[in-house]
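[1] predicted model and sequence follow; I will ask about them next.
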Amino acid sequence: MKKKNNTKKLLRVYDLLFEKFGPRYWWPGETRLEVIVGAILTQNTSWSNVEKAITNLKQHKLLSVKGLSGTDEKTLSGLIRPAGYFNVKAGRLKNFLRFLNTAYNGSIDRMFGSGTPELRRELLAVNGIGPETADSILLYAGNKPVFVIDAYTKRIFSRHGFLRPDCEYEDAQAMFMENLPPEPRLFNEYHALIVELGKNLCRPGKPLCNRCPIRRIKNG
DNA sequence: CACCAGGCAAGTA
DNA sequence: TACTTGCATGGT
């Protein structure tokens, strides 16, 4: 099985998406902790719902390592209720805080001082942090060159022949990372643009949208 | 009313 | 490994 070199095509797709949507200024969030919290809360959930939960945490002045660490899970779940799955996610936030406190003395600086592959393994070992959440944390909170894969990415890029529809997360990630220069800024903008396209045009169930800018790499 | 949203873990076979 | 299910609010 020979691997195709998709570098030029992937860069062309990036240019087309950037041309259509412009810079996305991701990740929305004022601090790295806010980015991490958002990454956990947005699991299978629309960002508008996550914003309400984040606003609640800010209004109660709990959006800090010490604030979240000192809040009991029941109170936390009440505040993040609009984000959905609130009981599950309150536990997941607590799991991350426990990891941060025990492994890095509560310091996000120290956490991102670890080697990226090692830190990725550590994050994946936290119950409630899977590959997409771990990679979102590494890229958007840590500025590490890790490409984030999500449901939009698989749907869009399988429709256009870059991926198999049922491919594994790591396979999809490898396709991008083996064909793109490991620049955090590029990975950041690329994933954000994919999400923008997914939200606007490439809907589940519907046929390939004829306004999708990616079509231009084939139709000329 | 149905369907979807920037997933993940746990259980089953 | 390959399914299936539970988790839950809010927008379209």
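    That came in fine, so what should we check first?

[2] any idea how far the residue lying closest to residue A:180 once chain neighbours are set aside is from DNA strand C?
    Leaving aside its sequence neighbours, residue A:180 sits nearest to residue A:10 (C-beta to C-beta, 6 or more residues apart in numbering; 5.9 Å). Where you see a C-beta, it was placed from the backbone N, CA and C, and this is true even at glycine. Per C-beta to the nearest atom of the strand, to the nearest Å, residue A:10 is found 25 Å from DNA strand C.

[3] residue contacts, residue A:10?
    A:162, A:176, A:179-180 (C-beta atoms under 8 Å, 6 or more residues apart in numbering).

[4] turn those residues into TSV, including neighbour count and pLDDT.
    Putting those into TSV (neighbours: other C-beta atoms under 10 Å; pLDDT from 0 to 100) gives the following:
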residue	neighbour count	pLDDT
A:162	21	96
A:176	22	98
A:179	18	98
A:180	18	98
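
[5] so which of those residues belong to helices?
    Counting by DSSP state H, the contacts of residue A:10 place residue A:176 in helices.

[6] tell me which element the residue nearest to residue A:180 falls in.
    helix A:7-21 (DSSP states H and E).

[7] which secondary element of chain A has the worst mean pLDDT?
    Using mean pLDDT, DSSP states H and E, helix A:216-219 stands out as the lowest-scoring helix or strand of chain A, at a mean of 72.

[8] next one: the closest residue to residue A:108 other than its chain neighbours, what pLDDT does it get?
    Leaving aside its chain neighbours, residue A:108 sits nearest to residue A:32 (5.2 Å; criterion: C-beta to C-beta, 6+ apart). If you check residue A:32, the pLDDT there is 98.

[9] what's residue A:32 in contact with, if anything?
    Contacts of residue A:32 by C-beta under 8 Å, 6+ apart are A:108, A:112, A:141-142.

[10] burial count for the residue in chain A positioned nearest to DNA strand B?
    Proximity of chain A to DNA strand B (C-beta to the nearest atom of the strand) peaks at residue A:130, 2.2 Å away. Neighbourhood size, residue A:130 [other C-beta atoms under 10 Å]: 13.

[11] pLDDT weak spots in chain A?
    A:1-2, A:218-220 (pLDDT under 70).

[12] pick out the residue nearest the middle of it.
    residue A:136 (3.5 Å; C-alpha atoms, centre = their mean).

[13] mind checking the SS state of that one?
    helix (DSSP: H, G, I helix; E, B strand; the rest coil).

[14] who are the contact partners of it?
    A:27, A:35, A:39, A:148.

[15] distance of the third one from DNA strand C?
    What it means is residue A:39. 16 Å.

[16] what's the longest helix belonging to chain A packed up against?
    Using DSSP H, we find that the single longest helix of chain A is helix A:86-104. If contacts are counted by 3 or more C-beta pairs under 8 Å, 6 or more residues apart in numbering; DSSP states H and E, helix A:86-104 sits against helix A:32-41, helix A:65-69, helix A:73-79, helix A:108-112, helix A:116-124.

[17] quick one: that helix to chain centroid distance?
    18 Å (C-alpha atoms, centre = their mean, to the nearest Å).
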